[in-house]
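# kindly generate the corresponding structure for this input.
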Amino acid sequence: MLGLSFGLFASCNEDSPLETEQYMKQVYIVGANEVVRKVDVPFGDEPQSTFISVATGGSLNIDQDVNVTLTHGDAAIAWYNNKYMPDAPLKYRKLDDEFCEIPSMSTTIKTGEVYSRLPFFIKTSALDCDSLYALTFKIESVSAYSKHSKDTVLIMNLNFTNDYSGTYQMTATRYTLSGDEETMPTSINMIRSMKAVNKDKVRFYNITQTVELTPTSTTSYEEYFKVIADHCVAFERQPDGKFIVNGWKNLSITNGTVTFSDDTFTFTYDYVYGGKNYRLKGTMKR
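Take a look at the predicted model:
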């Protein structure tokens, strides 16, 4: 009993594992383990704010300020394209400096904190919704501890958004038109993605394109953009707040009306496909 009591007393005086650092303290860029991280950035007339985060690993918070200086690692874009996207119709491309304003490439993780943000601004109004813009960030130096051996380079992909972009459930009826007579009704129920084109316009695949191509697919550049041109519909908000509907490029749309309320588009439009005239009526709810 005496020996057991002594052992218990001794163990109570030892440092708890939770009171000492259990891992190697390292500084890393949050999301760099994914290599490419998609970040939502809204379209807007003014520069849009966003950020990346740097953090420290380990089981305990840091006991001193850590100054982190970053640089760009643009060679990572070509490396990623060649390794993972050799056959993709679109590849990541560096965002030109004129569209990005970074006040400082340094940030400080304060004592007791886990991470710090490095803010910057993107000028989105003149950017193309169909380009895969990318920014790269790489840890250049840290004032304490060490850089993580892997999670130090991030490719940040800009995913443009607006008030109406996102995933919607389409519930509609398609009619075959004979003159203006609606015949052969067909029920439609499918998911559609609204892609932001600018701050006021969204684009989606019409129901004749059942598979939505993506920039990372293995279709050719020409095929990818031909499918978009032939099959996409656009809803656009006007200065008075009302919406209009049009074909994106080659899709012929007439007699279109569309409204937006409570995260739901209510629409009707006529279109031509395969030499036949159709009318689509329904809703798209986010």
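
# what sits closest to Ile253 if chain neighbours are left out?
Closest residue in space to Ile253, ignoring its immediate chain neighbours: Gly247 at 4.3 Å, by CB to CB, 6 or more residues apart in numbering. Heads up, the C-betas are built off the backbone N, CA and C, glycines and all.

# you'd agree that neighbour is up against His231?
No: in this structure, Gly247 is not within contact of His231 by CB atoms under 8 Å, at 9.2 Å.

# quick one, which of those two is more surrounded?
Each of Gly247 and His231 has its neighbours counted (other CB atoms under 10 Å); His231 has more, 23 against 20.

# which residues touch that one?
Residues in contact with His231 (CB atoms under 8 Å, 6 or more residues apart in numbering) are 205-206, 208-209, 251.

# rerun that using 6 Å as the cut-off
Shown in contact with His231 (CB atoms under 6 Å, 6 or more residues apart in numbering): 205-206, 208-209.

# now that we have those, which of them are buried?
By neighbour count, with 16 or more other CB atoms under 10 Å, these hold 205-206, 209 as buried.

# going by distance to Ile188, which of these wins?
Nearest to Ile188, judged by CB to CB, of those is Asn206 at 10.5 Å.

# was I right about that closest one contacting Ala234?
No: in this structure, Asn206 is not within contact of Ala234 by CB atoms under 6 Å, at 10.6 Å.

# please enumerate the helices of the protein.
Secondary structure of the chain (DSSP state H): helices at 2-13, 75-84, 221-231.

# packing partners for the shortest one?
What that stands for is helix 75-84. If contacts are counted by 3 or more CB pairs under 6 Å, 6 or more residues apart in numbering; DSSP states H and E, helix 75-84 sits against strand 92-94.

# who does the strand it packs on pair up with?
If you go by DSSP bridges, strand 92-94 pairs up with strand 132-142 (parallel).

# now the angle between helix 75-84 and the strand it pairs with, please.
Angle of strand 132-142 versus helix 75-84, following axes from the mean of the first three to the mean of the last three CA atoms, to 10 degrees, is 120 degrees.

# what about strand 132-142, average pLDDT?
Mean pLDDT, computed over strand 132-142, is 95.

# name the residues that touch it?
Contacting residues not belonging to strand 132-142 are listed as 27, 52, 66, 68-74, 76-77, 90, 92, 95, 147, 152-158, 215 [CB under 6 Å, 6+ apart].

# which among those end up buried?
Neighbour counting by 16+ other CB under 10 Å classes 27, 52, 66, 68, 70, 72-73, 76-77, 90, 92, 95, 147, 152-158, 215 among the contacts of strand 132-142 as buried.

# okay, and which of the residues you listed map to strands?
By the criterion of DSSP state E, membership of those in strands covers 27, 52, 66, 68, 70, 92, 147, 153-158.

# just the closest of these to Gly112, please.
For those, the nearest to Gly112 is Val66 (11.3 Å; CB to CB).

# for that closest one, give me its contacts.
109, 142-144.

# kindly recompute the last result at 10 Å.
Applying CB atoms under 10 Å, 6 or more residues apart in numbering to Val66 gives the contacts 25, 27, 54-56, 107-111, 113, 116, 142-145.
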